[in-house]
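Chemist: Coordinates for the following, if possible.
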Amino acid sequence: MANSTAAAPIMLELVDEDGKTIGTAEKLSAHVAPGRLHRAFSVFLFDDSGRLLLQRRALGKYHSPGVWSNTCCGHPYPGEKPFVASARRVSEELGVAPLLMSEAGTVRYNHPDPASGLVEQEYNHLFVGLVRDVPEPDPEEVAETAFVTAQELKRRHGEEPFSTWFMTVLDAAKPAIDELTGGSAGW
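Modeler: The predicted structure is shown next:
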């Protein structure tokens, strides 16, 4: 009898327009066009100087490889609280623990990724917080990291590829970012 080494499928929560769970789907199938609305999260962590920690997604990722994005994003497992999933993934991807992380609202969007043909059809829970540890990224998840000011982000966003969802989640999180950073960082 041979042992199976295939990994179990990663499941996501499907939700309605109000964010109420209505079922589950396998992760990749939820992203195949036209996409199925599912729960996600996006995290924005800042250092004590008010600089945002960005990550460039690993080149081996099946979706949006090699593009810059917010500190961390992902999907809670079915039944997992978005806050818990966010803290877990920050640790898994970046090797750091978020400090004073708090909810920053939700945003719903539909962003096709022209490079992969996949679709981000998400009900996204937003979180903001601080980070004081030096990131130690998992190379399977993160190609590189950078701490940037608002002005550096503006320049970088104009010159380098970013995830299709990045500006949507950043704009939605700005009130909480301003509260966290005291509004002086220009986000």
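Chemist: Would you state the helices of this structure in chain order?
Modeler: Assigned by DSSP state H, the helices in the chain fall at 27-31, 82-94, 150-159, 166-181.
Chemist: And the longest one, what does it pack against?
Modeler: Okay, so that is helix 166-181. strand 38-46, strand 99-112, strand 119-130 (3 or more C-beta pairs under 8 Å, 6 or more residues apart in numbering; DSSP states H and E). All C-beta atoms are positioned from the backbone trio N, CA, C, and that covers glycine.
Chemist: Swap in 10 Å and give it another go.
Modeler: strand 38-46, strand 52-57, strand 68-69, strand 99-112, strand 119-130, helix 150-159 (3 or more C-beta pairs under 10 Å, 6 or more residues apart in numbering; DSSP states H and E).
Chemist: can you pull the buried residues of that helix?
Modeler: Residues of helix 166-181 classed as buried: 166, 168-170, 172-174, 176-177, 180-181 (neighbour count, 16 or more other C-beta atoms under 10 Å).
Chemist: follow-up on the earlier one: among the helices of the chain, which comes closest to Tyr62?
Modeler: helix 27-31 (7.1 Å; C-beta to C-beta).
Chemist: tell me which residues of the closest one are tucked away?
Modeler: So for helix 27-31, counting by 16+ other C-beta under 10 Å, buried means 30-31.
Chemist: That helix: how far from the chain's middle?
Modeler: Centroid separation between helix 27-31 and its chain, computed with C-alpha atoms, centre = their mean, to the nearest Å, is 16 Å.
Chemist: Just the pLDDT for the residue nearest the centre of the chain.
Modeler: In the chain, the centroid-proximal residue (C-alpha atoms, centre = their mean) is Cys73; its distance is 1.5 Å. Note on Cys73: pLDDT of 96.
Chemist: what residues are up against it?
Modeler: 40-44, 55, 57, 64, 86, 89, 93, 120, 122, 124, 126, 163, 165-166, 169 (C-beta atoms under 10 Å, 6 or more residues apart in numbering).
Chemist: what's the burial count for the spatially closest residue to Glu120 that is not a sequence neighbour?
Modeler: In space, and not counting its chain neighbours, Glu120 is closest to His111: 4.4 Å by C-beta to C-beta, 6 or more residues apart in numbering. When neighbours are counted by other C-beta atoms under 10 Å, His111 registers 19.
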